[in-house]
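# structure of the sequence below:
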Amino acid sequence: MAKIFGAVEIDSNRCKGCDLCVAACPTSVLSLQPKEVNDRGYHFAYTVNPDACIGCGSCAAVCPDACIEVYRLVDKNA
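Model (predicted):
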């Protein structure tokens, strides 16, 4: 049976660190960068646990700046 999992791509230069995506993620894939800031001076979102992504797209749906793209991948060998 095929296994479906997700991949999150974040445009860290456009992210303003609002934390909405982190709160919306049901599997705790995202977090805000605690020490680094982007060119605009914000702590940006990043994938802290990418293997847990289920590809639900909740993070992308709540992002007010459309900085996040979610891909659903299928592993047919699983």
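# drop to CA atoms for contacts and neighbour counts, all remaining ones
Noted.
# residue boundaries of the helices in the protein?
20-24, 58-62 (DSSP state H).
# which neighbouring elements make contact with the last one?
What that stands for is helix 58-62. For helix 58-62, the elements it packs on are helix 20-24, strand 68-75, judged by 3 or more C-alpha pairs under 8 Å, 6 or more residues apart in numbering; DSSP states H and E.
# follow-up on the earlier one: reformat the helices of the chain as JSON lines; add mean pLDDT and distance to Ala2.
Below are these laid out as JSON lines (pLDDT from 0 to 100; distance: least, C-alpha to C-alpha, whole Å):
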{"stretch": "helix 20-24", "mean pLDDT": "97", "distance to Ala2": "26"}
{"stretch": "helix 58-62", "mean pLDDT": "97", "distance to Ala2": "22"}
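# Asp11 touches Ile68, doesn't it?
Yes: using C-alpha atoms under 8 Å, Asp11 makes contact with Ile68 at a distance of 6.5 Å.
# before I go, just wanted to say thanks for your time.
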